[in-house]
Structure formats: structure tokens, C-alpha cells
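Trainee: have a look at this prediction, sequence included:
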Amino acid sequence: MSGSLTPTALSRLLGQWHRGNAPAYRELADVVRLLVLDGRIPLGTALPSERTLSATLAVSRTTVTAAYASLREQGFLSSGQGTRGRTCLPRTAYTAGQRDSRAGLSGAPGLAVPDGVIDLAYASLPASGEAVHQAFAAALTELPALLPGFGYDAVGVPALREAIAGHYADAGVPTTAGQILVTSGAQHALNIVLRALVGKQDKVLVEQPTYPNALDAIRATGCRIVPVPLPPTPERGWDLDSVESALMQQRPRVAYTVPDFHNPTGRLMPDSQRRRLVRAAAASGTVLVVDETLRALNLDGGTTAPLASFSSSVVSIGSLSKSHWAGMRTGWIRASESLIQRFAAVRTTMDLGGPVVEQLAAAHLVRNLADPLPARLSALRENRSALLELLKVHLPRWEAERPDGGLAVWCRLPSPSSTALTVIAPELGIRLAAGPRFGVGGVFENFLRIPFTLPQEQLETAVLALRAAQDRLDAAPQLRRSLRDSPAAAIA
């Protein structure tokens, strides 16, 4: 269950819904349906009663009754006791998207693509040139001093922990090496945190949309996911009213958030909302787990404080995968020393420590974190501009949100065709991650994430392939429906 919507909250989401182009009940039902499909009303949410909603919207109760009846007929509202049905998806039209979000094979890391296929499922960069090479060369000179030891260290090599602690201190978050646990990447870090802090049937709050591999990790724990939708426009940042309401209603054990160049939208949470989020989490007894893996990829120079600077109870996750190279497989957790001890105990049930050479190399990179970034950020800005222009020219009906940072553009499609595009994309030389991968319950069929990490000539080839795929679906709408509902859509 995803809680309930008050009449005031639903009215705010509806906006100017009654435009007079159709009967009022139909317009109301259509807007609610789109809000469900876009993930802005989570699945399983109880809608307001007919009486209270009609009073809030200043329409007749007959209008609301007819709208709810229409939603039930279309399969977007369950038959609940009285008039408080819960939002859902039709069992036929959108089951492919639901399977896709659970199976997670579309665009899943580690799946090789055939030669000649452009991979748009990943949002990662190649190694940062000489910086990574020099770091490994230096690490090899330092390795002999550690060879007499056993090589096991569940919390990480001291040099790297000290470097990471210094990085946080420089950012205004006083940190000791005892507050750092080195992991094999951010995904490993999140799995450790979840195993330590939550149990089966506990609730974990997430943004909707969010990082799909985080959703996979949360599902693997047997937890119940509480999605809170992001506002449709980047100007509003995060909907803290909805976040506060979900925290107080659901009392989740953990809240997973990506405030720094959010994946997949690329948004940056302002400090005013960070303060509010920390206060709301503290009031509900929820542990904030903050994914900072994209924080260094600041394309527009926005200035924010790390979320941990607002509260000592925040658990921060970081990594070198996005800023330097995913092949490093080096990440970390920053938390209180007592929590780090709990995390280390959990970590030993999974492995006994990370590779020493990689950690020594990572220490060099962390101590000189800014060295390769200016050139990387400049190239990413150019790629972002190129991709946005290509989408504007070749796919003018797609609505692309300009990201503040990060590695990808989040696009709204003109129709619920994300899974269908993903299924046919390999025939046209590209691989995609379908929109439902980024949400809970099969929503986001109207969205697609497009990374701008590839060279510009490959971006152009990829966008032209996307245009060809869109044209094919436009020419045969029944193809879109059959692909969306087919078993193949679940594993594309």
C-alpha cells in the first residue's frame, strides 16, 4: 500500500484540470489516469472519497462518481470499500511494463551488447585517461609495504579511508577515518546498508523515478517500497509536501534519495529542501541514505551543501564509478562510527574486503579529485547541448528535461511506448533501458532516459535510430500495443 491522498493534495496535483474540452467527469478521469501513468500518483494510493473531493474541487458529487467509475472501467482504480478505491494499472495493457520493472533485464549492468550496437542503457564514462593510469602506477609502488599483511580489511585500506574523510572535511562535513567504510562500488554500499538497517516487510521510501539498480537492491531485501513522485517540472525540485506526508504516514525505516544530479532527471536539490528533508526524516525516525555518486558531475555550477552537513545521522554513499571509472569498483559509506561498525559486521557476511591495489589507486584519485574533472565536465556540457539539440531537431514531440548535472537526459515521450521502443531498438543498432525500469509498478511508459556519455557522432547515430524506431511505431500503433504486451517486452 502507498498510503492515501488528501483532497487538497490531489487538487494540487490536478492543477487546471477542467478546460471545458470534454465533460468534466471525463477530463477529471483523464488527468488522474495520466498522473498514475507518470508515477506522480503511486500505485496502491487511496484516492479521496467522492464527497470530500467534490467539495474541494467545487464540482458535483455526480462528476466525481462518474470519473471514479470511468477509472475503474479502464482498470486504473480498484474497487475498494465504499468510495476509496486504490490506484492500479490495467492487467492487460501495462503488464509488460510491470514485468520489465521486476525482471530488470533491460539495460541491466553486466549484460554485454553485440558488436555494432550503441549502448544507451548505461550512463557511465570511460576511464579518466592519465589520472587513472598514474594512480595505478603509484599504487604499485606502495603495494610492497602492505604485502607482509594478510590483505583482508573489512573497513578498507587506511590511506583510502583517510583520503575520503579529508574529502568530506574539505566539503564542510567534519569526518574521521573511523566514519568511513570502503566498498566495492556504490551498489555494494547500498546492499550493505540495507542488510544492516532493514528487514523483510520494512518500508523504504524512494523517489519516483529513481535509480533502477537501487530498486533492485531494495526488492532483494523483501522490503516494501514507498514511492514519492517528483514534480513534473524541474523548477519545483522535489515535492517536500508529499515527502513529509509519506514519512509521517508510512514511517519507513529508510529513505533512499539522490539529491545531487538525480538519476534519471539530473536535478539538484536546493539547500532549503535539504534542510526540510532532514527535519522530516528525523521526525519520522527514518534513516536518510543519500546517494552522492553523481555529485562531482556538476555541469552548471550549482552550489549546495552535502546532505550530511545538515545532520550527523545521514548515511552517505559515494563512488568513483561516475566521476573516474566504473572499472575501479571503489565506493564508500560515510556514517557515524557506531553505524560503520554495524555495516562492517554485515559486510563480512558478503566478503572480507576489497582489492588492495584498487584501494591504493583510489586514494590517489580521491586526494586529487578535481584534477581530471574540468576537462570531463567541459566535454559533458558539449555532449549535453548536442544531445538536446539532436532531440529537438529529430524528435520534436519528445520533451527533454535539461539536467543540471549528471550523465543523462530524461525524456517524456508522446505516447506510452517506452517498452516498445526498447524491444525494437536492437534491430536499429541501439540498446535502451525502458522507462518502467526507473519506477515502481510499471509506470513511466511515457519516459526514456538517454545518456550523453558517448562521442557526439555516436549520439547523432543513436538519435537517428531512435527517430526511426519512433517512426515505425507511429506508422503502426498496433505494433506498439503488441510489443508492450508481449513476453519479449519483459526481457528486452
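Mentor: Nice, I can see it. Numbers count the residues shown, from 1 in each chain.

Trainee: the stretch 301-450 of the chain: helices as residue ranges?
Mentor: Remark: helices assigned in the stretch 301-450 of the chain by DSSP state H, counting those that start in this stretch are 337-347, 356-367, 373-394, 418-424.

Trainee: ok, the stretch 1-150 of the chain next?
Mentor: 7-14, 24-37, 50-57, 61-74, 95-103, 129-142.

Trainee: make JSON lines out of those helices and add mean neighbour count and mean pLDDT.
Mentor: All C-beta atoms are positioned from the backbone trio N, CA, C, and that covers glycine. What follows is the helices of the stretch 1-150 of the chain, written out as JSON lines (neighbours: other CB atoms under 10 Å; pLDDT from 0 to 100):
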{"stretch": "helix 7-14", "mean neighbour count": "17", "mean pLDDT": "87"}
{"stretch": "helix 24-37", "mean neighbour count": "20", "mean pLDDT": "83"}
{"stretch": "helix 50-57", "mean neighbour count": "18", "mean pLDDT": "91"}
{"stretch": "helix 61-74", "mean neighbour count": "18", "mean pLDDT": "88"}
{"stretch": "helix 95-103", "mean neighbour count": "22", "mean pLDDT": "40"}
{"stretch": "helix 129-142", "mean neighbour count": "16", "mean pLDDT": "88"}
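
Trainee: quick one: which of those helices is nearest Leu413?
Mentor: Closest to Leu413 of the helices of the stretch 1-150 of the chain, according to CB to CB: helix 24-37, at 11.1 Å.

Trainee: next, the angle from the closest one to helix 7-14.
Mentor: Angle between the axes of helix 24-37 and helix 7-14 is 80 degrees (criterion: axes from the mean of the first three to the mean of the last three CA atoms, to 10 degrees).

Trainee: okay, the helices of the stretch 1-150 of the chain in TSV with distance to Glu358 next?
Mentor: Shown next, in TSV, are those (distance: least, CB to CB, whole Å):
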stretch	distance to Glu358
helix 7-14	46
helix 24-37	43
helix 50-57	56
helix 61-74	52
helix 95-103	31
helix 129-142	8
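
Trainee: pick the most buried one from the helices of the stretch 301-450 of the chain.
Mentor: helix 418-424 (a mean of 27; mean count of other CB atoms under 10 Å).

Trainee: separation between the residue nearest to the spatial centre of the chain and Ser49?
Mentor: The chain has Thr210 as the residue nearest its centroid, 2.0 Å off, counting by CA atoms, centre = their mean. In this view, Thr210 and Ser49 are 31 Å apart by CB to CB, to the nearest Å.

Trainee: re earlier: possible to save the helices of the stretch 301-450 of the chain as JSON lines with mean pLDDT and distance to Ile430?
Mentor: JSON lines is the format used below for these (pLDDT from 0 to 100; distance: least, CB to CB, whole Å):
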{"stretch": "helix 337-347", "mean pLDDT": "96", "distance to Ile430": "38"}
{"stretch": "helix 356-367", "mean pLDDT": "92", "distance to Ile430": "31"}
{"stretch": "helix 373-394", "mean pLDDT": "95", "distance to Ile430": "13"}
{"stretch": "helix 418-424", "mean pLDDT": "87", "distance to Ile430": "9"}
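
Trainee: let's have those in JSON lines, adding distance to Ala58.
Mentor: Putting these into JSON lines (distance: least, CB to CB, whole Å) gives the following:
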{"stretch": "helix 337-347", "distance to Ala58": "50"}
{"stretch": "helix 356-367", "distance to Ala58": "58"}
{"stretch": "helix 373-394", "distance to Ala58": "40"}
{"stretch": "helix 418-424", "distance to Ala58": "36"}
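
Trainee: so which of these comes closest to Ala9?
Mentor: helix 418-424 (26.9 Å).

Trainee: could you dump that closest one to PDB, C-alpha only?
Mentor: Backbone C-alpha positions of helix 418-424 (Å, rounded to 0.1, in the frame of the first residue of the first chain) are rendered in PDB as follows:
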ATOM      1  CA  SER A 418       9.000   3.200 -23.900                       C
ATOM      2  CA  THR A 419       8.900  -0.600 -23.600                       C
ATOM      3  CA  ALA A 420       8.000  -0.900 -27.300                       C
ATOM      4  CA  LEU A 421      10.900   1.300 -28.300                       C
ATOM      5  CA  THR A 422      13.200  -0.800 -26.100                       C
ATOM      6  CA  VAL A 423      12.100  -4.000 -27.800                       C
ATOM      7  CA  ILE A 424      12.700  -2.900 -31.300                       C
END
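
Trainee: check the offset of it from the chain's centre.
Mentor: Relative to its chain's centre, helix 418-424 lies at 20 Å (CA atoms, centre = their mean, to the nearest Å).

Trainee: check stretch 312-328 too.
Mentor: Stretch 312-328 sits 15 Å away from the centroid of its parent chain (CA atoms, centre = their mean).

Trainee: quick one: average pLDDT of that stretch?
Mentor: The pLDDT scores in stretch 312-328 average 92.

Trainee: could you list the domains of the chain?
Mentor: By the assignment in automatic domain parsing, the chain contains the domains 7-74, 95-127+373-490, 129-367.

Trainee: start to end distance for the longest one?
Mentor: For domain 129-367, the first and last residues are 17 Å from each other (CA to CA, to the nearest Å).

Trainee: chain center to it, what's the gap?
Mentor: Centroid separation between domain 129-367 and its chain, computed with CA atoms, centre = their mean, is 13 Å.

Trainee: where along this protein do the strands fall?
Mentor: Shown for the chain, the strands assigned by DSSP state E span residues 118-119, 180-183, 203-208, 224-229, 254-257, 287-291, 315-319, 331-334, 399-401, 408-412, 430-431, 447-451.

Trainee: list the contacts for Asp371?
Mentor: Going by CB atoms under 8 Å, 6 or more residues apart in numbering, Asp371 touches Ala131.

Trainee: hmm, which helix or strand of this protein has the shakiest average pLDDT?
Mentor: helix 95-103 (a mean of 40; mean pLDDT, DSSP states H and E).

Trainee: returning to what we had before: between the strands of the chain, which one is closest to Gly85.
Mentor: That would be strand 224-229 among the strands of the chain, by CB to CB, at 18.5 Å.

Trainee: which of the helices of the stretch 301-450 of the chain sits closest to Ala131?
Mentor: Closest of the helices of the stretch 301-450 of the chain to Ala131 is helix 356-367, at 6.5 Å (criterion: CB to CB).

Trainee: tilt between the closest one and strand 315-319?
Mentor: 100 degrees.

Trainee: residues in contact with helix 356-367: which ones?
Mentor: 131-132, 134-136, 138-140, 142-143, 146, 151, 153, 156-157, 159-160, 162-164, 166-167, 182, 320, 324, 328-330.
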